[in-house]
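> this one's sequence-less:
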């Protein structure tokens with residue numbers, strides 16, 4: 001199962017060509033909202049993930065990774 005990866009998002013945002021405030025504005029969320037997503041404290045909606053991919057110039061798949069503990073995700 002593939003899940004949104006805040007680590008991969010953070011890798012993109014570490015590129016100096018991206019500013020958090022600019023990315024957040026382009027995506028349509030607040031900078032604090034983007035910071036929460038980046039830290040893994042919030043899970044973005046499908047629309048936000050699509051907008052992030054568009055703004056970052058990447059494929060949707062590049063913002064996802066295999067769930068490490070699928071049964072824990074499903075079963076809590």
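Nice, I can see it. Please read all numbers here as calculations on a predicted model, not as lab measurements.
> only C-alpha atoms for contact and neighbour calcs from this point on.
Will do.
> so, low pLDDT: which residues of this protein?
Per-residue confidence of the chain (counting by pLDDT under 70) places the weak regions at 69-76.
> helices along that one, start to end?
Under the criterion DSSP state H, the chain contains helices at 6-13, 20-27, 31-39, 46-56, 70-75.
> from what I see, residue 43 and residue 37 are in contact.
Yes - if you go by CA atoms under 8 Å, residue 43 and residue 37 touch, sitting 6.0 Å apart.
> ok, back up a step: select, out of the helices of the chain, the one closest to residue 64.
Of all the helices of the chain, the one in closest proximity to residue 64, counting by CA to CA, is helix 6-13 (7.3 Å).
> got the angle between the closest one and helix 20-27?
Angle, helix 6-13 to helix 20-27, by axes from the mean of the first three to the mean of the last three CA atoms, to 10 degrees: 110 degrees.
> which helices and strands sit right next to helix 6-13?
Identification of packing neighbours for helix 6-13 by 3 or more CA pairs under 8 Å, 6 or more residues apart in numbering; DSSP states H and E yields helix 31-39.
> using a markdown table, please lay out the helices of the chain together with mean neighbour count and distance to residue 63.
Shown next, in a markdown table, are these (neighbours: other CA atoms under 10 Å; distance: least, CA to CA, whole Å):
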| stretch | mean neighbour count | distance to residue 63 |
| --- | --- | --- |
| helix 6-13 | 17 | 6 |
| helix 20-27 | 16 | 15 |
| helix 31-39 | 17 | 11 |
| helix 46-56 | 16 | 7 |
| helix 70-75 | 9 | 18 |
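> sweet, I'm off.
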